[in-house]
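S.K.: coords please:
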Amino acid sequence: MEKVYTAIIGGGQAGLAMSRHLSCLGREHVVFERGRIAERWRSQRWDSLMFQFPNWTIALPGLSYATDEPEGFAHKDEVVLFIESYCSFVAAPVRLGVEVSALRAHSSGFELDTSEGPLLATNVVVATGPYQLSRLPHIHRDLPARLLQLHASEYRSPTALPEGAVLVVGSGASGCQIADELMESGRRVFLSVGHHRRVPRRYRGRDVFWWRRELGEWDQTVDTTPPERRRTTPLLTGVRGGYDVDLRQSAARGVCLLGRIAGVAGGRIAFAPDLECRLQEADAAYGEFIAACDALARERDGLAPREPAGERAVRALTGREDLDIEADGIAAVIWATGYELDFGWIEFPIFDAGGRPLQYRGATSVPGLYFVGLHFMHKLKSSLVSGVGEDAAHIAGLIAGRALFA
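M.R.: Numbers count the residues shown, from 1 in each chain. Predicted structure coming up:
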């Protein structure tokens, strides 16, 4: 049976960053990828997606994205090309098309079932990313069979949908961007709104991610950040050079905003009366962020002055109580409802009730078993393209330390 010292499972940015740091330490390893390099960037993103982070943030250990527009936003295909070029740059020992279907204990460390046969490893790093299983609420089963239902990872473009109105469920960055694209294509769009954070795309001449970095948000750890802050991500887009995503303005442009989806019965979809509450939460978050930026600006020289606030639609929005699927012409539902982790193939009791691995800075209670690239694994930036390298370096150091005693 083949044996490797360290098996890295996943050939995206996290797995390749892990490979880079192990190579720098001279540690033998193999990267197993069941699809292609950066597979989810290729097959689980819509056609027009622009990366919501500015180009200057696209970097992995030892290599940054080459661009003449550092403040611009890359198309998702450009991100794929960058990750592919990074794989070549680090000369990662990747085996493509190899799926790992089971991981269990073995006297030598670990045994992996792969599509190429069993394998032994002394160390295993799971780098399969946070976007594994599409999360669909149970209520989707109650909708009529004639409706086209897609998770956001399956949506590609307005032209791929049947004629008619579209209900988008979920007001994270994906849901809002898809709703905007559909509306601009001439569709009638309904958007079911949940918890979200509103932030400016740019403020005082700087991108929001510059402010978040300078405010220390990227380096906030899981130990110091309230759970609700970890769950609610800001609404951002890189489309047309980036603009503020403001749901009140979306409503003024024609998107019909609704509260949280509450039930389906008799050809009607019911919604909770919580729309204005969610919008007020987002407005409050915006105000808090602006205040933090202004406080930082008072401490520093050279920052642009505060811009005058533009006019904004601020009328209260109650939202409709329900939709009649036939009368409102609903032809498709897009579920922008996030993802769940899928670690059922790992035969170790190291997961909490929600399926997240119990770990600290990537290390689990099982010697030699590590994770990298998950949301808020250690810091807010743990799953970001520009942040995975820090966790990967830490784990590589742990693996190198184990080698002294292996």
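
S.K.: which strand is the longest one in this structure?
M.R.: Counting residues, the longest strand found in the chain (DSSP state E) is strand 117-126.

S.K.: Show residues contacting that strand.
M.R.: 1-10, 15, 18, 103, 106, 108-112, 343, 346, 357, 362, 368-372, 395, 399, 402, 406 (CB atoms under 8 Å, 6 or more residues apart in numbering). All C-beta atoms are positioned from the backbone trio N, CA, C, and that covers glycine.

S.K.: Filter those down to the buried ones.
M.R.: 4-10, 15, 18, 103, 106, 109-112, 343, 346, 357, 362, 368-372, 395, 399, 402 (16 or more other CB atoms under 10 Å).

S.K.: all helices for the protein, in order.
M.R.: Ranges of helices in the chain, per DSSP state H, are 13-24, 39-43, 76-89, 173-184, 208-214, 227-231, 247-253, 275-299, 388-403.

S.K.: By mean pLDDT, flag the weakest helix or strand of the protein.
M.R.: helix 227-231 (a mean of 59; mean pLDDT, DSSP states H and E).

S.K.: Not counting stretch 278-296 itself, show me its contacts.
M.R.: Contacts for stretch 278-296 (CB under 8 Å, 6+ apart): 171, 193-200, 203-204, 211, 214-215, 232, 235, 247-248, 257, 259-260, 303, 306, 317.

S.K.: how far does that stretch sit from the chain's center?
M.R.: For stretch 278-296, the gap between its own C-alpha mean and the chain's C-alpha mean amounts to 22 Å (CA atoms, centre = their mean, to the nearest Å).

S.K.: Same check on stretch 322-342?
M.R.: On CA atoms, centre = their mean, the centre of stretch 322-342 falls 20 Å from the chain's centre.

S.K.: Could you do stretch 90-104 as well?
M.R.: 22 Å.

S.K.: same thing with stretch 7-26?
M.R.: Remark: stretch 7-26 is offset 20 Å from the chain centroid, using CA atoms, centre = their mean.

S.K.: which stretches of the stretch 251-400 of the chain form strands?
M.R.: Using DSSP state E, counting those that start in this stretch, the strands found in the stretch 251-400 of the chain span residues 256-258, 261-265, 268-271, 322-324, 330-335, 339-340, 369-371.

S.K.: would JSON lines of those strands with distance to residue 73 and mean pLDDT be doable?
M.R.: Shown next, in JSON lines, are the strands of the stretch 251-400 of the chain (distance: least, CB to CB, whole Å; pLDDT from 0 to 100):
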{"stretch": "strand 256-258", "distance to residue 73": "26", "mean pLDDT": "97"}
{"stretch": "strand 261-265", "distance to residue 73": "30", "mean pLDDT": "94"}
{"stretch": "strand 268-271", "distance to residue 73": "32", "mean pLDDT": "96"}
{"stretch": "strand 322-324", "distance to residue 73": "33", "mean pLDDT": "96"}
{"stretch": "strand 330-335", "distance to residue 73": "22", "mean pLDDT": "98"}
{"stretch": "strand 339-340", "distance to residue 73": "22", "mean pLDDT": "92"}
{"stretch": "strand 369-371", "distance to residue 73": "29", "mean pLDDT": "98"}
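
S.K.: lowest-confidence stretch among the helices of the chain?
M.R.: Mean pLDDT is lowest for helix 227-231 out of those, coming in at a mean of 59.

S.K.: Look up the residues forming beta bridges with residue 360.
M.R.: Per DSSP bridges, the residues bridged to residue 360 are residue 363.

S.K.: Count the neighbours of it for me.
M.R.: The number of residues packed near residue 360 is 11, by other CB atoms under 10 Å.
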